[in-house]
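Asks: Give me a 3D structure for the following:
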Amino acid sequence: MQEFETEIKTDDGVMDVFVCHPEQDGPHRAVILYMDAPGIREELRDMARRIGTVGYTVLLPNMYYRTGREGHYGYDLSRIREDDGERARMFEVMNSLTNARVIDDTKGLLAFIDQCDAAAAGTVGCVGYCMSGQFVMSVGAAYPDRFDAIASYHGVKIITDQADSPHLVANKIKGEVYLGFASDDPHVPEEELAAMPGAMQAAGIKHTIEIYPETEHGYVFPQRPVYKKAAAERHWETMLALFDRRLRA
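Replies: Next up, the predicted model:
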């Protein structure tokens with residue numbers, strides 16, 4: 001596995017990005033991993049590596065680059081579970097992101113992929129966790145000719161009452177969408193989950209919606225108390241099968 005850190009110029013500054021890819025048989029099709037709310041950490045880099053080992057060039061962008069680099073976001077990641085103040089500061093940083101900002105940042109990521117020797121020409125994939133459920137759907141709609149495989153796990157705010165709700169533009173997506181939800185997730189209201197099948201069908205896109213039984217928000221992350229190994233492995237199976245179908249078929 002080859003890996004390195006790079007910097008990508010955006011309209012709002014410079015975004016630091018972790019990149020990894022196999023050492024052999026390249027170049028490989030690209031996948032962008034959009035992070036969850038806690039931010040960049042080794043746990044996410046390991047997840048990027050796992051995707052990379054099966055034959056992809058993976059980009060893991062620091063979506064909080066406007067606030068700071070890893071470990072300097074203004075909250076203590078090690079204390080967010082037990083300290084309400086630290087958790088509130090994390091949510092403040094999270095809420096600084098918008099669909100429009102992530103769409104704009106993705107423009108720079110796609111430009112990097114286009115000139116990266118390790119990235120094969122062709123459409124790309126993406127996966128988003130937690131806060132990034134809304135973002136992967138938004139970029140899929142904003143760049144329909146670029147994203148052919150879009151996956152979200154315990155993703156939030158895919159259906160909202162706001163003007164920029166991703167479900168309102170989902171009909172622009174040309175790729176295949178996979179949405180995996182926890183069975184017990186206070187961050188995805190029951191009414192939103194109930195409306196999801198109808199919204200995706202109305203959009204007319206190829207999609208799969210799956211609810212993982214006996215899971216909570218964050219079930220895929222091995223360092224969280226809510227981690228469920230069987231569900232996490234199912235998440236890898238569904239994600240990698242999607243990428244294989246759409247990016248390597």
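Asks: How about stretch 15-26, which residues are buried there?
Replies: 15-22 (16 or more other C-beta atoms under 10 Å). The way it works is simple: take the backbone N, C-alpha and C, and place the C-beta from them, glycine included.
Asks: what does stretch 161-180 give?
Replies: Neighbour counts over stretch 161-180 (16+ other C-beta under 10 Å) mark 165-167, 169-170, 173, 175-180 as buried.
Asks: Do a quick rundown of the helices in the chain.
Replies: Ranges of helices in the chain, per DSSP state H, are 42-53, 84-94, 99-115, 133-142, 190-203, 229-247.
Asks: I'd like to check the angle between the first one and helix 229-247, please.
Replies: Inter-element angle recorded for helix 42-53 and helix 229-247: 50 degrees (by axes from the mean of the first three to the mean of the last three C-alpha atoms, to 10 degrees).
Asks: circling back to that earlier point, nearest to residue 123 among the buried residues of stretch 161-180?
Replies: residue 175 (7.1 Å; C-beta to C-beta).
Asks: show me what contacts the closest residue to the closest one other than its chain neighbours?
Replies: If you skip the residues right next to it in sequence, residue 175 has residue 148 as its closest partner in space, 4.0 Å away by C-beta to C-beta, 6 or more residues apart in numbering. Residues counted as contacts of residue 148 (C-beta atoms under 8 Å, 6 or more residues apart in numbering) are 123-125, 174-176, 246-247.
Asks: coming back round to it: pLDDT added to the buried residues of stretch 15-26, as JSON lines?
Replies: Below are these laid out as JSON lines (pLDDT from 0 to 100):
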{"residue": "15", "pLDDT": "98"}
{"residue": "16", "pLDDT": "98"}
{"residue": "17", "pLDDT": "98"}
{"residue": "18", "pLDDT": "98"}
{"residue": "19", "pLDDT": "98"}
{"residue": "20", "pLDDT": "98"}
{"residue": "21", "pLDDT": "98"}
{"residue": "22", "pLDDT": "97"}
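Asks: Out of the residues you listed, which comes closest to residue 70?
Replies: Top of the list for closeness to residue 70, among these and by C-beta to C-beta, is residue 16 at 7.9 Å.
Asks: For the closest one, which non-adjacent residue is closest in space?
Replies: Nearest non-adjacent residue to residue 16, counting by C-beta to C-beta, 6+ apart: residue 62, 4.7 Å away.
Asks: Hmm, residue 17 and the one you found touching each other?
Replies: Yes: with contact defined as C-beta atoms under 8 Å, residue 62 counts as touching residue 17 (6.9 Å).
Asks: Quick check: the spatially most central residue of the chain vs residue 136, distance?
Replies: Centroid check for the chain by C-alpha atoms, centre = their mean gives residue 128 as the closest residue, at 1.6 Å. In this view, residue 128 and residue 136 are 4 Å apart by C-beta to C-beta, to the nearest Å.
Asks: intersection of neighbour lists for the two?
Replies: Listed contacts common to residue 128 and residue 136 are 34, 151-152, 155; contacts here mean C-beta under 8 Å, 6+ apart.
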